[in-house]
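Q: The amino acid sequence is not available; the structure is as follows:
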């Protein structure tokens with residue numbers, strides 16, 4: 001038998017107009033840019049995963065290719081959905097130990113299930129598939145109950161997001177801000193803040209604060225539930241109120257000292273006992289408009305109403321840190337000396353270290369203590385021993401503990 005071979009003919013297409021050529025070119029450029037963006041995001045994500053888990057970049061890329069993330073989910077099988085619905089109806093009302101398992105149920109009712117399934121219409125099977133798809137879409141990831149695990153998850157996720165954000169900003173020249181804070185006081189993760197230089201200038205010049213302080217104010221508002229003032233006193237315990245007050249005071253002190261002297265490396269802790277000497281006179285800053293008289297340790301306030309008043313003034317910036325001039329510091333020092341001379345305890349006396357008693361030749365210890373006036377013990381910067389303080393983990397308020 002002879003095969004009849006036909007010559008291939010070239011397909012004739014209409015000549016494109018200039019508008020059509022431009023549209024096709026724009027479509028091609030848009031597709032290329034979209035693919036390049038996806039490739040860059042994939043490379044950055046793979047690099048972040050490899051660095052976090054100590055794996056090579058080649059191994060991580062291989063796992064991403066062969067993993068289940070790049071494959072579509074298997075389409076819903078209406079037979080499986082039908083059988084499971086019938087089994088659930090059969091087990092309805094039965095106890096935990098009396099329920100029939102799926103293999104046993106199919107073996108006992110195979111003929112009845114098969115005949116019923118064959119009588120289903122195409123619309124019925126489509127409804128079964130749709131029910132499975134609806135169930136899949138309704139399943140959401142629930143935040144883990146372990147705060148430390150949640151903290152690691154958030155940090156890993158936003159490290160990759162920050163890298164991607166930086167790449168997009170460098171490639172496109174966009175300006176923007178991305179800000180996320182924790183939703184509960186029991187969570188550990190710190191605020192995540194990505195912003196471009198122009199956004200930072202807007203926050204400083206228009207809002208009158210540093211971007212970090214803006215993030216902390218938002219976090220305090222969210223954690224304190226200030227949008228629902230009627231339930232604040234019921235949701236926050238006294239220890240949490242104390243911790244939030246201390247956290248806001250310390251953060252404000254860190255920010256104003258960093259603005260005054262950016263080269264400062266050692267962190268200055270808030271000193272409530274020797275506030276005038278250690279903070280005001282030493283660093284020329286003051287906590288202005290403190291709502292409860294003289295500045296004192298929030299752990300010594302005690303009353304919930306006063307703590308709420310202090311926290312509200314800190315969050316709303318009615319009570320805030322200010323920088324003092326040399327004249328203001330000198331005037332403040334004179335007033336402090338006058339008050340100290342009148343009997344007010346403005347300056348806490350320094351503790352003196354005592355030498356241990358020496359044993360005598362007979363083995364008995366001397367009853368006398370020799371004061372060593374040359375060596376002075378440094379004072380605790382965070383407050384009195386026994387006060388409840390907040391613990392900071394990764395820049396976050398993570399819990400409460402007692403100083404020794």
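A: Right, received. Where do you want to start? Only a predicted model underlies this, so the values are computations on that prediction, with no experimental measurement involved. Numbering: from 1, shown residues only.
Q: where does the closest residue to residue 273 other than its chain neighbours land in three-state SS?
A: In this structure, residue 273 finds its nearest non-sequential neighbour in residue 348, 4.8 Å apart by C-beta to C-beta, 6 or more residues apart in numbering. Every residue, glycine included, has its C-beta placed from N, CA and C. Using DSSP: H, G, I helix; E, B strand; the rest coil, the structure places residue 348 in coil.
Q: For residue 141, give me the pLDDT.
A: Residue 141 is assigned 45 on the pLDDT scale.
Q: re the thing from before, what about the residue nearest to residue 273, neighbour count?
A: Residue 348 is flanked by 16 other residues according to other C-beta atoms under 10 Å.
Q: That one contacts residue 271, doesn't it?
A: No - judged on C-beta atoms under 8 Å, residue 348 makes no contact with residue 271 at a distance of 9.2 Å.
Q: coming back round to it: tell me the backbone dihedrals of the residue nearest to residue 273, please.
A: In terms of degrees, to the nearest 10, the main-chain angles of residue 348 are phi -70, psi 130.
Q: remind me, longest helix of the chain?
A: helix 18-53 (DSSP state H).
Q: for it, which positions count as buried?
A: The neighbour-count check on helix 18-53 (16 or more other C-beta atoms under 10 Å) flags 44-46, 48-50 as buried.
Q: And the furthest pair within the residues you listed?
A: 44 and 50 (10.8 Å; C-beta to C-beta).
Q: Against which helices or strands is the longest helix of the chain packed?
A: Helix 18-53 is packed against helix 57-66, helix 147-172, with contacts defined by 3 or more C-beta pairs under 8 Å, 6 or more residues apart in numbering; DSSP states H and E.
Q: For these, give me CSV that also has distance to residue 237, mean pLDDT and mean neighbour count.
A: Listed next are the helices and strands packed on helix 18-53 as CSV, based on distance: least, C-beta to C-beta, whole Å; pLDDT from 0 to 100; neighbours: other C-beta atoms under 10 Å:
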stretch, distance to residue 237, mean pLDDT, mean neighbour count
helix 57-66, 44, 74, 13
helix 147-172, 17, 78, 15
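Q: In a markdown table: those helices, plus distance to residue 39.
A: Conversion of those to a markdown table gives the following (distance: least, C-beta to C-beta, whole Å):
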| stretch | distance to residue 39 |
| --- | --- |
| helix 57-66 | 12 |
| helix 147-172 | 11 |
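Q: of all those helices, which lies closest to residue 124?
A: helix 57-66 (37.4 Å).
Q: pLDDT on whichever helix or strand comes after the closest one, on average?
A: Proceeding N to C from helix 57-66, the next assigned helix or strand is helix 78-91, under DSSP states H and E. Per-region confidence: helix 78-91 scores 90 on mean pLDDT.
Q: Remind me what helix 78-91 packs against, helices and strands.
A: Judged by 3+ C-beta pairs under 8 Å, 6+ apart, helix 78-91 is in contact with helix 102-108, helix 110-118, helix 122-138.
Q: possible to save those helices as JSON lines with distance to residue 281?
A: Shown next, in JSON lines, are the helices and strands packed on helix 78-91 (distance: least, C-beta to C-beta, whole Å):
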{"stretch": "helix 102-108", "distance to residue 281": "77"}
{"stretch": "helix 110-118", "distance to residue 281": "86"}
{"stretch": "helix 122-138", "distance to residue 281": "61"}
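Q: now for the ones you listed, which one comes closest to residue 77?
A: helix 122-138 (8.3 Å).
Q: contacts for the closest one?
A: Around helix 122-138, the neighbours that count as contacts under C-beta atoms under 8 Å, 6 or more residues apart in numbering are 73, 75-76, 78, 81-82, 85.
Q: same thing but 6 Å
A: The contact list for helix 122-138, computed with C-beta atoms under 6 Å, 6 or more residues apart in numbering, reads 76, 78, 81-82.
Q: Report the mean per-residue pLDDT for it.
A: Summarised as a single mean, pLDDT over helix 122-138 is 83.
Q: pLDDT weak spots in the protein?
A: 1-8, 65-74, 137-147, 184-189, 224-236, 351-404 (pLDDT under 70).
Q: Tell me, domain by domain, which residues of it belong where.
A: Per the record, the chain has its domains at 78-134, 148-235, 237-353+376-404, by automatic domain parsing.
Q: Those domains: which one's closest to residue 25?
A: So among those, domain 148-235 is nearest, using C-beta to C-beta, at 20.1 Å.
Q: what distance separates that closest one from the centre of its chain?
A: Here domain 148-235 shows a centroid-to-chain-centroid distance of 8 Å under the convention C-alpha atoms, centre = their mean, to the nearest Å.
Q: swap in stretch 303-317?
A: In terms of C-alpha atoms, centre = their mean, the centre of stretch 303-317 is set 23 Å apart from its chain centre.
Q: which residues in the stretch 151-300 of the chain form helices?
A: For the stretch 151-300 of the chain, applying DSSP state H, counting those that start in this stretch gives helices covering 197-205, 211-224, 232-235, 238-260, 282-283.
Q: what comes into contact with the first one?
A: Outside of helix 197-205, the residues within contact range by C-beta under 6 Å, 6+ apart are 175, 177, 211, 214.
Q: Reformat the residues you listed as JSON lines; add distance to residue 308.
A: Putting the contacts of helix 197-205 into JSON lines (distance: C-beta to C-beta, whole Å) gives the following:
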{"residue": "175", "distance to residue 308": "38"}
{"residue": "177", "distance to residue 308": "30"}
{"residue": "211", "distance to residue 308": "27"}
{"residue": "214", "distance to residue 308": "23"}
